[in-house]
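In: Please find the sequence and the predicted model below.
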Amino acid sequence: MTNHAENKSPRSATASTSDFTVDVCLKEPKRIESIPQRTYYTYNDTVEGQVKLKVANPVSVRNIQVKLAGVSETRLSQNVEVLTSNLRREVEKLRHQLLYDLVTVFPPQNVANVSKNDKFTLIPGEYTYDFALKIPFLSHCGDEETKKHSNVYTSPYEAQDREKLECRRCETRHLEEPLPPCMDVNRIRETARITYQLKVSVHRPGMLTTTTRAIVPLMFRPPGPTLSLFRNSPFMEEVSTVRTLKARLQGEPVPLKRERFREMFSSTTKRQTVDMRLKLLYKPTLVPYQNNVQLMLQTSVNSDMKPPPVLYLKSIEVVLVQKLVIYTQTFIQMVEQDQRLLKSTETRLLSMPCATKMKEETGKFKSEIDLTESLKDISLDQFTPSFRTCNVMLSHKLRVVVNVSGIEDSWFSAGESMKIEVPVALSGELVTEDELTEMIGESYIDSPLYHIHSTEEEQLPEYEQ
């Protein structure tokens with residue numbers, strides 16, 4: 001469930017027959033100052049470019065249309081009990097049209113208005129047509145008003161295609177939600193795919209003729225919150241369970257292996273006892289390229305204790321847990337996947353004299369060691385942001401596991417492991433308030449529709465049996 005939005009997506013496509021070749025070339029998305037490196041599309045972007053038709057032999061054409069489409073498709077395979085009490089494997093598919101818009105670039109509207117012809121002959125030569133279609137904020141399948149602002153509904157020239165859309169039977173319920181990001185999960189028993197495409201179709205007259213299409217896949221990714229909103233959102237706090245460790249004091253000789261083996265079966269050995277717990281400070285919405293988390297190790301040791309106990313950080317592991325819920329008409333399937341963000345196994349000494357005395361001592365805990373620097377290499381930009389749409393929901397959890405030991409090597413000393421796991425939301429990159437207003441409209445800035453939140457406990461709509 002990674003997202004390759006940072007990779008440069010295709011900007012052109014070609015299709016050809018023996019009579020003609022059609023090329024489509026897209027312009028780069030409008031520049032966003034806060035995300036200068038982006039190559040993907042987002043809300044309120046205009047997908048614009050040119051269609052170039054090279055005709056080698058005279059050819060009859062009914063029309064040439066450019067279509068902007070977004071689809072959410074799911075497929076689930078499950079065993080279903082039949083009347084004979086046997087199990088039968090059944091497959092269900094569900095498809096939602098998230099986005100559909102089109103513009104007819106040939107024949108021109110002024111020609112079509114005065115002509116009753118259903119076909120036009122193009123002589124050999126080169127023809128160029130410009131087009132522009134806008135990506136909305138809300139998906140078409142869940143918001144009728146958004147759909148009615150698309151070109152296929154506002155242009156009288158597209159009335160025939162509009163009537164075809166309105167005649168399509170819709171058997172599923174929909175959510176009024178923002179357009180989701182691109183995603184592709186393809187497993188043996190589960191498939192969830194969200195795709196966006198720009199299609200150029202050359203329609204030929206006649207019942208038995210084929211349509212020639214050039215298709216450009218589009219990479220779509222929502223923006224993140226505004227900089228001010230991210231900075232003003234408070235850090236949440238979570239602590240792990242308490243672990244107790246026996247440690248030698250600084251200056252004491254390191255026990256030999258046979259002594260450590262003997263200590264495992266003896267209660268007479270006196271060593272410093274240290275109580276520990278992990279504290280995680282985190283933003284409820286994780287944003288790529290930002291400081292989202294702080295990690296502290298709290299101990300029962302006074303920072304000015306002399307001699308201090310010796311503690312070693314053995315490992316840190318940070319995992320992004322992606323939980324995907326897939327819906328079809330009657331089936332539901334949950335898929336979890338761990339994406340490791342960080343795995344550090346380099347043993348290092350924790351300096352107790354450098355520990356910070358806690359301002360408010362909480363019970364037995366008197367000092368804490370800042371481990372945040374160990375998390376600096378975490379990268380989130382390649383993962384799909386949290387979202388929900390009519391038949392798919394993606395939520396996230398953050399898991400941090402830290403192992404601390406009183407002995408530098410691991411022989412008979414596995415150390416103590418502390419784990420924290422919290423629900424979070426993953427967003428796109430930060431933008432300014434003006435940029436976000438331009439993308440989604442001023443009326444949605446404070447709307448719950450744009451709140452980037454954890455969808456861990458939320459449910460998608462139930463479908464009719």
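Out: Looks like it arrived, so ask away. If you're wondering where the values come from, they're calculated on a predicted model, not measured in any experiment. Numbering: from 1, shown residues only.

In: contacts, neighbours, all on C-alpha from now
Out: Will do.

In: Look up how far residue 124 lies from residue 130.
Out: Applying C-alpha to C-alpha, to the nearest Å, the value for residue 130 to residue 124 is 20 Å.

In: Correction: the previous question concerned residue 301.
Out: From residue 301 across to residue 124, the span is 86 Å (C-alpha to C-alpha).

In: ditto for residue 204
Out: Counting by C-alpha to C-alpha, the gap from residue 204 to residue 124 is 16 Å.

In: Provide a list of residue ranges in the stretch 101-250 of the chain with pLDDT below threshold.
Out: The model of the stretch 101-250 of the chain has pLDDT under 70 over residues 157-173.

In: And the helices in this protein?
Out: For the chain, helices defined by DSSP state H occupy the ranges 109-114, 144-148, 151-154, 159-167, 227-232, 257-263, 433-440.

In: In the last one, which residues are buried?
Out: For helix 433-440, burial by neighbour count (16 or more other C-alpha atoms under 10 Å) applies to 433, 435-436, 439-440.

In: Comparing residue 301 and residue 124, which residue is more hemmed in?
Out: residue 301 (23 against 15; other C-alpha atoms under 10 Å).

In: and that one, what is it in contact with?
Out: Residues counted as contacts of residue 301 (C-alpha atoms under 8 Å, 6 or more residues apart in numbering) are 274-275, 308, 365-367.

In: Can you tell me which of those end up in strands?
Out: The strands, defined by DSSP state E, take in 274-275, 365-367 from the contacts of residue 301.

In: Show the buried residues in the residues you listed.
Out: 274, 365-367.

In: could you dump those to a markdown table with distance to residue 403 and pLDDT?
Out: A markdown table is the format used below for these (distance: C-alpha to C-alpha, whole Å; pLDDT from 0 to 100):
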| residue | distance to residue 403 | pLDDT |
| --- | --- | --- |
| 274 | 14 | 90 |
| 365 | 18 | 89 |
| 366 | 20 | 89 |
| 367 | 18 | 89 |
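
In: burial count for residue 236?
Out: For residue 236, the number of neighbouring residues by other C-alpha under 10 Å comes to 12.

In: Please report how far it lies from residue 357.
Out: Applying C-alpha to C-alpha, the value for residue 236 to residue 357 is 21 Å.

In: ok, back up a step: want to throw the buried residues of helix 433-440 into a markdown table with distance to residue 25 and pLDDT?
Out: Listed next are the buried residues of helix 433-440 as a markdown table, based on distance: C-alpha to C-alpha, whole Å; pLDDT from 0 to 100:
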| residue | distance to residue 25 | pLDDT |
| --- | --- | --- |
| 433 | 31 | 90 |
| 435 | 26 | 92 |
| 436 | 27 | 90 |
| 439 | 24 | 89 |
| 440 | 26 | 86 |
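
In: okay, the residues you listed in JSON lines with distance to residue 153 next?
Out: Formatted as JSON lines, the buried residues of helix 433-440 follow (distance: C-alpha to C-alpha, whole Å):
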{"residue": "433", "distance to residue 153": "30"}
{"residue": "435", "distance to residue 153": "27"}
{"residue": "436", "distance to residue 153": "26"}
{"residue": "439", "distance to residue 153": "21"}
{"residue": "440", "distance to residue 153": "20"}
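
In: which one of those residues is nearest residue 325?
Out: Of all those, residue 325 sits closest to residue 440, with 26.2 Å by C-alpha to C-alpha.

In: my guess is the closest one meets residue 44, correct?
Out: Yes: in this structure, residue 440 is within contact of residue 44 by C-alpha atoms under 8 Å, at 6.7 Å.

In: Show me the common contact partners of these two, please.
Out: By the contact definition C-alpha under 8 Å, 6+ apart, residue 440 and residue 44 are jointly contacted by 136-137.

In: residues near residue 343, how many?
Out: 14.

In: Flag every buried residue along stretch 235-246.
Out: Buried, per 16+ other C-alpha under 10 Å, within stretch 235-246: 235, 239-240, 243, 245-246.
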